[in-house]
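Peer 1: sharing a model that was predicted from the sequence below.
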Amino acid sequence: MNFYDSERITDLLKPHGYKLDDNEDDADLIVLNTCHIREKAVEKTYSELGRIRDKINTRKEKTGKISIVAVAGCVAQAQGQEIIKRSPWVDIVVGPQSYQNLPELIAKLDTNNKYKNIDIDFPTIPKFDQLNDNIEERGPSAFLTIQEGCDKFCSFCVVPYTRGAEYSRPLKSILDEANKLIDVGVKEITLLGQNVNAWNSKGLDNQNWSLGRLIDELAKINELKFIRYTTSHPLDMDIELIKSHRDNKKLMPYLHLPIQSGSDNILKMMNRKHTAKEYLEIIEKVRDYNPKIAISGDFIVGFPGETEKDHMSTLSLIKQVNYAQAYSFKYSKRPGTPGSVFLNHVNEDTKKTRLYEVQELLRSQQLSFNKKTINSIMKVLVLKKGKKKNQYIGRSPFNQSVYFSYNSKNKNLIGSFIDLNITEAFQNSLKGNIVSNF
Ligand code: 5AD
Ligand code: SF4
């Protein structure tokens, strides 16, 4: 989501004369977009700000030019004024729900830099209604935020505090943005939301639509070929969405559905509001409708009070699901969340061992999922050039990176769909040969 926000910030500033520069050394404006989901986010932000201070000082000494520094994102939201106190060279602090105000915050800075601008409000008018609709450059694949915030309040998570309450973007605004993305050459859209499958809005028929209906509507856009969405919550996995995985050929066979732990005791302490069995039943249902679907998830090891038995339940759940891919993290204490004041915090060494065990299991499952695709033919969207000569990298329907070679000076394949015969499979990628004529 931060990636999407950064793109929108770039879009937003373009009409004000800014353009994206890879090099900070001569930048008039540096926006540091921050994430607060796990620990060290705050320390990372401050050490990055130290590096930025050196850059802007050097620029000032060499050229006399002053750079504006803005801190955006969830660390900005959580730290607010504290950022300016600790890093007085920062001019603007702006939260994830108020970055649409950046042009105004920049304009309001006085030239002597006497005033700082902080905007960490949760505005009453949603930011999407205030963002400009300037979209100029995207690759073949783009993100589109359709839902933000969270009302679930898992006891380990800062999102409800930094991103605010659950909000679904209205249908029209989503369709407009999707069409703009298509106009700039996008072929694949990933719909984003902290609880993306909680999205709901009034539909074209004035009925309440959920995510499955939205995806079916988006699929009517001819030039849009691949649709994905992330991240989902088990409680919001409705039948309409599950059916789309069977009936909608543009919806990719991939579901990221975090459970966090396989132990019911821990799930309860985490305030996940569902059991391991309920989660497994959802997975079973999804597979009934689409047997080939790749399942992904998130896991937290070492949540306060997690026993060896709880950990074993997580390993056992992972074995039952057999993931195509998954993310796993050591529990990290987030200030202000209920979990941070729970007793029986798990020691660091135990967390490390448990994380290793979870990751080893997930790694082996990922490798065998990838290996099963050898000798199959997959339609791949070509995203970029690889590091090697004549090499391209694409993404498979199952969200795998696929490398292949093509030697032509006249033809650039980026943005094309190519049928590849998969010849080799590794932990994090596949290799294939072109079979399609194009
Ligand atoms: N500690 C560790 N991992 C966390 N996540 C969220 N909060 C924490 C935390 N306090 C993980 C969850 C979530 C993913 C985005 O980040 O697994 O699904
Ligand atoms: Fe955080 Fe996701 Fe739980 Fe919401 S549902 S509190 S975003 S982990």
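Peer 2: Structure's in. What do you need? Ligands and ions are numbered 1, 2, ... in the order given.

Peer 1: may I have the secondary structure class of residue 84?
Peer 2: Following DSSP: H, G, I helix; E, B strand; the rest coil, residue 84 is assigned to helix.

Peer 1: please report the distance of it from ligand 1.
Peer 2: According to Cβ to the nearest ligand atom, to the nearest Å, residue 84 stands 26 Å off from ligand 1. Any C-beta I mention is one placed from the backbone N, CA and C, and that applies to glycine too.

Peer 1: that residue contacts residue 120, doesn't it?
Peer 2: No: judged on Cβ atoms under 8 Å, residue 84 makes no contact with residue 120 at a distance of 11.7 Å.

Peer 1: where's the residue lying closest to residue 241 once chain neighbours are set aside, which helix or strand?
Peer 2: Sequence neighbours aside, residue 212 is the residue nearest to residue 241 in space, at 4.1 Å (criterion: Cβ to Cβ, 6 or more residues apart in numbering). Per DSSP states H and E, residue 212 falls inside helix 211-218.

Peer 1: what sits in contact with each of residue 84 and residue 120?
Peer 2: By Cβ atoms under 8 Å, 6 or more residues apart in numbering, residue 84 and residue 120 have these common neighbours: residue 93.

Peer 1: re the thing from before, ok, the residue nearest to residue 241 touching residue 244?
Peer 2: Yes: counting by Cβ under 8 Å, residue 212 does reach residue 244; the two are 4.3 Å apart.

Peer 1: these two touch, right, residue 407 and residue 392?
Peer 2: No: applying Cβ under 8 Å as the test, residue 407 and residue 392 come out as separate, 10.6 Å apart.

Peer 1: so which of those two has more stuff around it?
Peer 2: Using other Cβ atoms under 10 Å, the more surrounded residue of residue 407 and residue 392 is residue 392, with 23 against 8.

Peer 1: what about the more buried one, is that helix, strand or coil?
Peer 2: Following three-state DSSP, residue 392 is assigned to strand.

Peer 1: show me the contacts for it.
Peer 2: Counted by Cβ under 8 Å, 6+ apart, residue 392 has contacts 382, 384, 385, 386, 403, 404, 405, 406, 413, 414.

Peer 1: where in the stretch 1-150 of the chain is pLDDT low?
Peer 2: The stretch 1-150 of the chain contains residues with pLDDT under 70 at 111-115, 124-125, 132.

Peer 1: just the strands in it please.
Peer 2: 29-34, 68-73, 92-94, 117-119, 141-145, 147-148 (DSSP state E, counting those that start in this stretch).

Peer 1: got the ones you listed as a markdown table, with distance to ligand 1 and mean neighbour count columns?
Peer 2: Converted to a markdown table, these look like this (distance: least, Cβ to the nearest ligand atom, whole Å; neighbours: other Cβ atoms under 10 Å):
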| stretch | distance to ligand 1 | mean neighbour count |
| --- | --- | --- |
| strand 29-34 | 15 | 20 |
| strand 68-73 | 14 | 23 |
| strand 92-94 | 22 | 26 |
| strand 117-119 | 25 | 19 |
| strand 141-145 | 15 | 21 |
| strand 147-148 | 14 | 26 |
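
Peer 1: can you lay out those strands as TSV showing distance to residue 179?
Peer 2: What follows is the strands of the stretch 1-150 of the chain, written out as TSV (distance: least, Cβ to Cβ, whole Å):
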stretch	distance to residue 179
strand 29-34	26
strand 68-73	27
strand 92-94	28
strand 117-119	30
strand 141-145	11
strand 147-148	19
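
Peer 1: what's the closest of these to ligand 2?
Peer 2: Proximity to ligand 2 (Cβ to the nearest ligand atom) singles out strand 147-148 among the strands of the stretch 1-150 of the chain, at 10.1 Å.

Peer 1: so what touches the helix or strand that the closest one is followed by?
Peer 2: On the C-terminal side of strand 147-148, the closest following helix or strand by DSSP H and E is helix 159-162. Outside helix 159-162, the residues within contact range by Cβ under 8 Å, 6+ apart are 36-37, 74, 77-78, 95-96, 149-153, 194, 336-337.

Peer 1: only whichever of the contacts of residue 392 are buried, select them in ChimeraX.
Peer 2: Those of the contacts of residue 392 that count as buried under 16 or more other Cβ atoms under 10 Å are selected in ChimeraX with:
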select :382,403,404,406,413
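
Peer 1: give me the subset of the contacts of residue 392 that also touch ligand 1.
Peer 2: With Cβ under 6 Å from any ligand atom as the criterion, these include none near ligand 1.

Peer 1: what pairs with the residue of the chain found nearest ligand 1 across the strands?
Peer 2: Relative to ligand 1, the nearest point of the chain is residue 298 (3.4 Å; Cβ to the nearest ligand atom). For residue 298, the beta-bridge partners are residue 327 (DSSP bridges).

Peer 1: pull the number of nearby residues for it.
Peer 2: Number of residues near residue 298 (other Cβ under 10 Å) recorded here: 14.

Peer 1: tell me how far stretch 317-328 lies from the chain's centre.
Peer 2: Chain-centre distance of stretch 317-328: 19 Å, with Cα atoms, centre = their mean, to the nearest Å.
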